[in-house]
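Chemist: Here you go, sequence then predicted model.
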Amino acid sequence: MSEIDYSLNNLIKQYGGLKKVLKSPDFIWASICSLLFLIYVILTRIELGDFIKTLASDLLSVSASLFAILFAAFTIIISLADEKFMKFLRKHNVFNKILLPFWLVSILYVIDIFLNILIKFFPTNIAKYLMTLSILVFSWALFGTIYLINDTIGFARRRADYLEYEKEITEILNEEGGKE
């Protein structure tokens, strides 16, 4: 039996490529948020140094907290799935659709954590552009988390359906396994 590749790169390829990821609603909304922030930064005439450093600290805390919650949620979801259910999800390509958002959003939160740490060490004229990037990454992760909640609810619904029809599903999978 061959090893299944659950790397982020492979999951993005299965999803339809990076182009499709960048056309997703969560990325578009995040781009709008970061663009609005950039316009604000460029048009404002006040000193932004303290504002950017405070925002970086706040986003650092929120990103770290949401990453921890996301990681705990993924752990709970995986622990609720038994081996037969996981095979069922993989067979119908649902498991990868659940994994990609968790991978992507987790990585975005980690990137945002590092960006916000870096922002504290740069002068304001550079930090404001790094903060724009941080707003993009954080917003993308936050909107991605909202969509992830929807996927998680779908996972729970599929789990309930699976438990209700487990006997029939097992029989069908056993019949299909015997044909191969």
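Modeler: Structure received.
Chemist: Quick one: name whatever helix or strand follows the top helix by length along the chain.
Modeler: Longest helix of the chain, by residue count under DSSP state H: helix 124-164. Counting by DSSP states H and E, the element after helix 124-164 in chain order, helix or strand, is helix 166-179.
Chemist: And Ile121, its phi and psi?
Modeler: One correction, residue 121 is Phe, not Ile. The phi and psi torsions at Phe121 (degrees, to the nearest 10) take the values phi -100, psi 0.
Chemist: The longest helix of the chain vs helix 166-179, what angle?
Modeler: Interaxial angle of helix 124-164 relative to helix 166-179 (axes from the mean of the first three to the mean of the last three C-alpha atoms, to 10 degrees): 90 degrees.
Chemist: What helices and strands are in contact with helix 124-164?
Modeler: Counting contacts by 3 or more C-beta pairs under 8 Å, 6 or more residues apart in numbering; DSSP states H and E, helix 124-164 is packed against helix 25-43, helix 49-80, helix 83-91, helix 95-119. The way it works is simple: take the backbone N, C-alpha and C, and place the C-beta from them, glycine included.
Chemist: buried set for the helix or strand harbouring Lys20?
Modeler: Remark: Lys20 resides in helix 18-22, with elements defined by DSSP H and E. By 16 or more other C-beta atoms under 10 Å, the buried positions in helix 18-22 come out as Val21.
Chemist: So what's the model's average confidence on it?
Modeler: Taken as a whole, helix 18-22 has an average pLDDT of 78.
Chemist: Just list what that helix packs against, helices and strands only.
Modeler: Other helices and strands packing on helix 18-22, by 3+ C-beta pairs under 8 Å, 6+ apart, are helix 8-15.
Chemist: Give me the residues contacting the helix it packs on.
Modeler: Leu18, Val21, Asn93, Asn96, Lys97, Leu99, Leu100, Trp103, Leu104, Ile107 (C-beta atoms under 8 Å, 6 or more residues apart in numbering).
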